[in-house]
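Engineer: Pasting the sequence and the predicted coordinates here, then a few questions.
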Amino acid sequence: PGKRNEKLDRKFSKVGVDGLPVQALLDITSACNCDCLSCYHKDDLDGFYPELKDIKKRIDKLKDLGILIIEVTGGEPFLRSDLSEILDYIKYKGLLFYIVTNAEFLKDADTTLIKSLKNANGLAVSLDGYGKIHDKMRRRPGLFKKILRGLDLCFSNNIPVVLVSTLNEENISSVPKMLRLANKYNFILHLRPTIVTGAALTNNFKKHYPVEKIRKFLEKDGVRNGFLGEKRNLLAPCGYYGCGLRRRISIDVYGNIFPCVMDRSRNIGNVSKFTPDLLFKELVKESLYFLKQHKDCIKCDKLVRHK
């Protein structure tokens, strides 16, 4: 996994795309087998599967817009029977990619899909607790045991994995066990806070930013810190982790572009209509909008400007 990440970093460092994002989240389905307590775009999960030809057109367009890496997501990507064809097409277009999954069906991957997964830069496997705590957070009994079988498959096939854990008061006690699990496979554990939006808002989650409680874990090898801002010694001042405004965009199952990947209330239109120049102009407008409308964005902007 480490060598793959270094290769990815080198490729990014050689690319200069003035004012345009280099990463896109691509929803390939809005169907999901889980009902997560803190899903940030719960309201978007309407069970839709866009046609393969439309997904390929979006991949073509994203490359034309300067995108270098695609985050294949959903919904749950592994619900698509043609997932390997989608991944192979991304590779054919010369783009980097990784897949975000809850990993329930990872254990069932056949040889064709495994071959496609080995071409990825890795898998981001959601792990919101250990054992029954994870199953409770995902409202999916038995899911954790299925994840373990999927991790075995990835390890035996040398497929890099990042275990992504969204922390809150319900699961923070699981951090030590999750770290031991990651170390067992030599996988990375990514720790980040719960964003109080979507299902987390509906389920009355409190804004929980437990940096001090887990700081000793954030400093360990094999742990990726999702609690710090771009200047790695600063606590992120806003409620959105990993803000990627102007650096990444999100494309939903209908082809709509969301400039802020965490705020699903505002899109700028269908990706099919955009040219690089038009996308640049629209993203500039959206950046100004977020700075005016969202207190978190204002705080973050002021902090970065004065550091």
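Structural biologist: Now that the structure is in, tell me what you want to look at. Residues are numbered from 1 along each chain as shown.

Engineer: shouldn't L179 be in contact with F187?
Structural biologist: No. L179 lies out of contact with F187 (Cβ atoms under 8 Å); the separation is 10.3 Å. Just so you know, the C-beta spots here come from the backbone N, C-alpha and C atoms, and that holds for glycine as well.

Engineer: Looking at these two, which has the bigger crowd around it?
Structural biologist: Taking other Cβ atoms under 10 Å, L179 and F187 do not tie; F187 has more neighbours (23 against 20).

Engineer: picking that back up, between L179 and F187, what contacts are shared?
Structural biologist: G222 (Cβ atoms under 8 Å, 6 or more residues apart in numbering).

Engineer: What about the closest residue in space to R248 that isn't next to it in sequence? Give its phi and psi, please.
Structural biologist: Spatial nearest neighbour of R248, excluding adjacent residues (Cβ to Cβ, 6 or more residues apart in numbering): Q23 at 3.9 Å. Torsion angles at Q23 (phi, psi; degrees, to the nearest 10) stand at phi -130, psi 140.

Engineer: quick one: Q23 from L148, how far?
Structural biologist: 29 Å (Cβ to Cβ, to the nearest Å).

Engineer: Output the below-cut-off pLDDT ranges for the stretch 151-300 of the chain.
Structural biologist: Along the stretch 151-300 of the chain, the model assigns pLDDT under 70 to residues 208-210, 228-243, 294-300.

Engineer: sorry, back to before: hey, what's the residue nearest to R248 bridged with?
Structural biologist: Applying DSSP bridges to Q23 gives these bridge partners: I69, R248.

Engineer: List the contacts of it.
Structural biologist: Taking Cβ under 8 Å, 6+ apart, one finds 67-71, 244, 247-249 in contact with Q23.

Engineer: Return the member of those residues nearest to I133.
Structural biologist: Distance to I133 across these (Cβ to Cβ) is lowest for E71, with 25.8 Å.

Engineer: SS state for that closest one?
Structural biologist: strand (DSSP: H, G, I helix; E, B strand; the rest coil).
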